[in-house]
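In: The sequence and its predicted three-dimensional model are supplied below.
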Amino acid sequence: MPYYEDFGADFHFFYGSTAFSGNIPGMHIHPHYEIMIVVNEVGQTPYINGVECPSTALPSVTVVSPFTMHKTTFCRDRKNERFVFYFGNDMIAEFPSFFQKFEELFENAMIRYTLSPELLEKILPMLTRAYEKEKDTVFMKFNFLVLFYIILTEGNRDFAIKTSKSLNKTNEIIEYMVNHYQENLTADEVAEHFFISRSKLNQDFKRHIQIGFHQLLMEIRLNQAFYMLENDSISIKEIASNLGFEKENYFNTFFKRMTGVTPLQYKKKKLAERAAKNKKTLPQ
């Protein structure tokens, strides 16, 4: 099932080791640019808005635009090592002169660059430093900008999917949903807000992200609930209110239907995991 994810920050880094295949259960969508760098030769096939794209087995860099439904499958007989960066509008606003040089980023739903052995050797030290210093946000940002500049200027662009007017409109609607998920949104009201018909909204959602308006809204609310439940200073009643539920029991029913556990059970589990992790890292 497609799902929505957010990372709670405008700049985020993830390292995927060869211990995992890298395959995720389904398509996903988030409000960030995603830059996935696969550094070994492994078969990989991207899917963008339901469309299967050409595969490659070469080391590569895939850039996916915000609010684009996507996933990548990898050959299961070989493990892959990947470094993934996510950045959003705050990052673009922070370094406008840098991103103005690469306007094509904003014109494509996805761009892929393959990496020559020479280019891969050049960027590997930067990726290693990113992994070693992932908690140093200032270092990470500037290291990433240098890394990204090298990839965009020296990488071999082998595939791209242009955005369309209907996709841009769908992305605007999804962004609006993300910013107003706590309100009592309906498809009719959102369609009217964007001066399109309800049928057009449904048609574009089905075409571009293969998920309905109501289902995506529930996924967005569920994702926000996960983050809030991991904060022990916010009560479940407050979370229900923040998510737009009139009553706490409505939220409890929704959460259990989506996850199989109650919000309280999830909260207790996460707090216990955190306590165990903190205990493990304390000096003996």
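Out: That came through, no problem. Numbers count the residues shown, from 1 in each chain.

In: So for this structure, the centremost residue is which one?
Out: For the chain, the residue whose C-alpha lies nearest the mean C-alpha position (C-alpha atoms, centre = their mean) is residue 30; its distance is 3.7 Å.

In: Spatially nearest residue to that residue (excluding sequence neighbours)?
Out: Of all residues beyond its chain neighbours, the one nearest residue 30 is residue 5 (4.9 Å), with distances taken as C-beta to C-beta, 6 or more residues apart in numbering. For every residue, glycine as well, the C-beta is placed using N, CA and C.

In: So the one you found versus residue 106, what's the distance?
Out: Counting by C-beta to C-beta, to the nearest Å, the gap from residue 5 to residue 106 is 22 Å.

In: which outside residues touch the host helix or strand of residue 36?
Out: Residue 36 is part of strand 33-38 when elements are defined by DSSP states H and E. Strand 33-38 is contacted by residues 44, 59-66, 70, 72, 80-88, 105, 123, 127, 148, 151 when judged by C-beta atoms under 8 Å, 6 or more residues apart in numbering.

In: what does stretch 46-53 give?
Out: Defining contact as C-beta under 8 Å, 6+ apart, one finds that stretch 46-53 is touched by 27, 45, 62, 64, 68-73, 109-110, 112, 159, 161, 167, 207-210.

In: So for stretch 43-54, first residue to last residue, what's the gap.
Out: With C-alpha to C-alpha, to the nearest Å as the measure, the first residue of stretch 43-54 is 11 Å from its last.

In: Buried ones in that stretch, by neighbour count?
Out: By 16 or more other C-beta atoms under 10 Å, the buried positions in stretch 43-54 come out as 44, 46, 47, 48, 49, 53.

In: May I see those arranged in JSON lines, with secondary structure and distance to residue 217 as well?
Out: As requested, these are exported to JSON lines (DSSP: H, G, I helix; E, B strand; the rest coil; distance: C-beta to C-beta, whole Å):
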{"residue": "44", "secondary structure": "strand", "distance to residue 217": "31"}
{"residue": "46", "secondary structure": "strand", "distance to residue 217": "26"}
{"residue": "47", "secondary structure": "strand", "distance to residue 217": "23"}
{"residue": "48", "secondary structure": "strand", "distance to residue 217": "22"}
{"residue": "49", "secondary structure": "coil", "distance to residue 217": "19"}
{"residue": "53", "secondary structure": "coil", "distance to residue 217": "28"}
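
In: still on that earlier bit, what's the distance between the residue nearest to residue 30 and residue 41?
Out: For residue 5, the distance to residue 41 - C-beta to C-beta - is 28 Å.

In: In three-state terms, label residue 31 for me.
Out: Reduced to three states with DSSP: H, G, I helix; E, B strand; the rest coil, the structure at residue 31 is coil.

In: Sorry, slip of the keys, the one I care about is residue 196.
Out: Secondary structure state of residue 196, per three-state DSSP, is coil.

In: now the strands for the stretch 1-150 of the chain?
Out: With strands called from DSSP state E, counting those that start in this stretch, the stretch 1-150 of the chain shows them at 3-4, 11-16, 28-29, 33-38, 44-48, 51-52, 60-64, 70-74, 82-87, 108-114.
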